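**Student:** how would this look folded up:
(2 chains)
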Amino acid sequence: MSTSYRNAFPFLRHHPEVVYLDSAATALKLENVLEAEQSYSLHYSTNASRGLYPLAEKTSAVVEETRRVAAQFLNARPSEIIFTRGTTDGMNMLAQSLEATLETGGEICVGNDAHHSLILPMRRLAEKNNMKMVALPVNKEGFIDTTEALSQISEHTAVLVLTLVSNVFGVLHDFETLIQKVRVINPNIFVVLDVAQAAPHIPLNVEKLGTDALVFSGHKLYGPTGVGICYLKEEWSKRLEPGVFGGGMVVDTSSVPMQWQQGPEKFEAGTLPLAQIFGLKSALEFLQDTGFEAIRKHEQELLQYALQKLSSVFKDDIYILGTKNLEQKIGLLSFTLKGVHPHDIASFLGEKNICVRAGVHCASFLHRALTIPATTRVSFGLYTTKQDIDTFVSALTEVYSQFKKA
Amino acid sequence: MNTYQEHILEHYHNPQNWGLLDSATHNSTVHNPTCGDTLEFSLFFEDGIVKKVGWTGEGCAISLASASLLSGEIVEKKEADLLALTSEDVLRLVNLTLSPGRLKCGILSLEALHQALSTTKK
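**Tutor:** Residues are numbered from 1 along each chain as shown, chains lettered A, B, ... in the order given. Modelled structure (predicted):
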């Protein structure tokens, strides 16, 4: 499968020498995504929801069609889909809206595996609104401790932020039951899910998940950089004040207070990333056409292969973070290798055109909690092959040998 | 260019001046939070000149090799000369062209040295 899908990614035609194992940072771009972006510039090139001429209406129609496709992707309503510039932008947008809406005091609970794009906007919200931050611990397998998490939820908890798939552990959470139990303790809590790493790998259903909001980026699911989606449940969309202001989100500037747009437009100030929205539509449709069953099958085969190879070559000298249960992992492995620092691994492999990530992956709170200074991470995409893994393991063996003291 | 040239690995495996001094006049600890590299430097000054240096650390080969190479250059030097050392001087010692992502690794040792120089005898 990966061979046939490699043809859909022009980067690999232009750079066949590259072994790209950093899809969790950003995925390679689909050809039809690039074509859609270019189509916007060549044949549309107008703003959306502004002009009254036919060309502008055509652009608006594609934007709204993308909104509908994103809604279908999540089993949500189009009125609940907000276009953002990415996960970080979406989380900051939500934080600013919560700051403008919530009363001061109360608590924000955030999983300790959260990316900086979640924790930092929430810390800022806590500072601004005199709220307390509560960290929910993660166990060695990479899972939020549910019992511990529930013990931290109370009537004081205003916001709960969880990561469906950690960008360090790559483990798949099932938060359905936890969120149901959270709402029994506190029906007023605002639940946000980061699905940036989950969205390219598993089907998402906001009703089943039970979340009030979720965020993800286009560029992690083979789409363009500079665009993302924030799902916001309708009742919260009505309740939250906007936190970002500008054109397109206000109805009447003469009224006191000002009257904002209803629906997602309230949170979409300014010109949207239009070419990127065109591209995002293509990426979402590609995933739906491919089917998540096929996607999961492909990556689980690669995971199994990679885990077996790494264990057999490095034995106890490699520590792979998180569960090894294939059903509970996406195609992402973070590890430490005895005697070689992750930066050295990444540099050495980089010189061989093997792209891996090293450091704390913008999850410094997690690395501190684990007392691991840094890790190396490999992450797979639809284009990843067993040969890529062979090349990676071979190079890793070489750097390991070089660094091992004589 | 191969970053991991022999001299880097040699200094990584057999660092010069490894180990903190029992009696130091100046100490420092520096840390790169993005990757966990940590260096500790200890210096013994007499009449304004470095007589002894010792260091330890944990981190990547570039940061440790840089610390080893720098430590070999500072004995018998005056404080003013050491304070005048720049990132470029240290990178010349390391003798590598480092990518922007690895520059901090290469010059962490200089940060450790300058921080040690800014401490006063307890």
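
**Student:** got a list of what A:Phe143 touches?
**Tutor:** A:Val171, A:His173, A:Thr323 (C-beta atoms under 8 Å, 6 or more residues apart in numbering or on different chains). C-betas here are computed from N, CA, C, even on glycine.

**Student:** how close does it sit to chain B?
**Tutor:** In this view, A:Phe143 and chain B are 24 Å apart by C-beta to the nearest C-beta, to the nearest Å.

**Student:** ok, now A:Ala395?
**Tutor:** Going from A:Ala395 to chain B by C-beta to the nearest C-beta gives 12 Å.

**Student:** Now do the strand or helix carrying that residue: distance to the chain's middle.
**Tutor:** A:Ala395 is part of helix A:386-403 when elements are defined by DSSP states H and E. Relative to its chain's centre, helix A:386-403 lies at 28 Å (C-alpha atoms, centre = their mean, to the nearest Å).

**Student:** Give the helix, strand or coil label for A:Val378.
**Tutor:** Three-state assignment for A:Val378 (DSSP: H, G, I helix; E, B strand; the rest coil): strand.

**Student:** Show the pLDDT at the residue nearest to it when sequence neighbours are not counted.
**Tutor:** Using C-beta to C-beta, 6 or more residues apart in numbering or on different chains and skipping the chain neighbours, the partner closest in space to A:Val378 is A:Leu21 (4.2 Å). According to the prediction, A:Leu21 has pLDDT 98.

**Student:** How about A:Pro264?
**Tutor:** pLDDT, A:Pro264: 96.

**Student:** Return the distance of the nearest residue to it once chain neighbours are set aside relative to chain B.
**Tutor:** What sits nearest to A:Pro264 in space, not counting adjacent residues and going by C-beta to C-beta, 6+ apart, is A:Ile82, at 4.4 Å. Going from A:Ile82 to chain B by C-beta to the nearest C-beta gives 31 Å.

**Student:** Report how many residues lie close to the closest residue to chain B within the stretch 51-200 of chain A.
**Tutor:** When scored by C-beta to the nearest C-beta, the stretch 51-200 of chain A has A:His116 as its residue closest to chain B, at 11.2 Å. Residues near A:His116, counting by other C-beta atoms under 10 Å in any protein chain shown, number 16.

**Student:** Next up, the contacts around it.
**Tutor:** A:Cys362, A:Ala363, A:Ser364 are the contacts of A:His116 under C-beta under 8 Å, 6+ apart.

**Student:** circling back to that earlier point, so which of the contacts of A:Phe143 is the most crowded?
**Tutor:** Highest neighbour count within the contacts of A:Phe143: A:Val171, with 24 neighbours (other C-beta under 10 Å).

**Student:** That one against A:Glu141, yeah?
**Tutor:** Yes - using C-beta atoms under 8 Å, A:Val171 is in contact with A:Glu141, at 7.0 Å.

**Student:** Between those two, which contacts overlap?
**Tutor:** With C-beta under 8 Å, 6+ apart as the test, A:Val171 and A:Glu141 both reach A:Gly322, A:Thr323.

**Student:** Could you identify which of the contacts of A:His116 has the most neighbours?
**Tutor:** Result: A:Ala363 is most packed of the contacts of A:His116 (other C-beta under 10 Å), 26 neighbours.

**Student:** so how far is A:Arg13 from that one?
**Tutor:** 33 Å (C-beta to C-beta, to the nearest Å).

**Student:** what pLDDT, on average, does stretch A:360-369 get?
**Tutor:** Mean predicted lDDT for stretch A:360-369 stands at 92.

**Student:** Could you see whether chain B lies near that stretch?
**Tutor:** Yes - applying C-beta under 8 Å from any C-beta of the partner chain, one finds that stretch A:360-369 is in contact with chain B at A:Val360, A:Ser364, A:His367.

**Student:** Using CSV, write out every CA atom in that stretch.
**Tutor:** What follows is stretch A:360-369, C-alpha atoms only, in CSV (Å, rounded to 0.1, in the frame of the first residue of the first chain):
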residue,chain,number,x,y,z
VAL,A,360,11.7,17.2,24.0
HIS,A,361,9.2,17.6,21.0
CYS,A,362,7.6,20.7,22.6
ALA,A,363,6.6,18.5,25.5
SER,A,364,9.1,19.6,28.1
PHE,A,365,6.7,19.1,31.0
LEU,A,366,6.3,15.5,30.1
HIS,A,367,10.1,14.9,29.7
ARG,A,368,10.7,16.6,33.1
ALA,A,369,8.0,14.4,34.7
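
**Student:** Show residues contacting the helix or strand harbouring A:Phe83.
**Tutor:** Assigned by DSSP H and E, A:Phe83 belongs to strand A:81-84. If you take C-beta under 8 Å, 6+ apart as the criterion, strand A:81-84 is touched by A:63, A:66-67, A:70-71, A:74, A:90, A:93, A:215, A:227-232, A:264, A:267-268, A:272-273, A:277.

**Student:** Now do the buried residues in the lengthiest helix in chain B.
**Tutor:** Looking across chain B with DSSP state H, the single longest helix is helix B:100-117. By 16 or more other C-beta atoms under 10 Å in any protein chain shown, the buried positions in helix B:100-117 come out as B:102, B:104-113, B:115-117.

**Student:** same question, stretch B:49-62
**Tutor:** So stretch B:49-62, judged by 16+ other C-beta under 10 Å, has buried residues B:Val50, B:Lys52, B:Val53, B:Gly54, B:Trp55, B:Thr56, B:Gly57, B:Gly59, B:Cys60, B:Ala61, B:Ile62.

**Student:** Now render those as CSV, adding pLDDT.
**Tutor:** Output for the buried residues of stretch B:49-62, formatted as CSV (pLDDT from 0 to 100):
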residue, pLDDT
B:Val50, 94
B:Lys52, 95
B:Val53, 96
B:Gly54, 97
B:Trp55, 97
B:Thr56, 97
B:Gly57, 95
B:Gly59, 92
B:Cys60, 93
B:Ala61, 93
B:Ile62, 93
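
**Student:** Strands of chain B, residue ranges please.
**Tutor:** Secondary structure of chain B (DSSP state E): strands located at B:26-31, B:38-46, B:49-58.

**Student:** Understood, closing this out.
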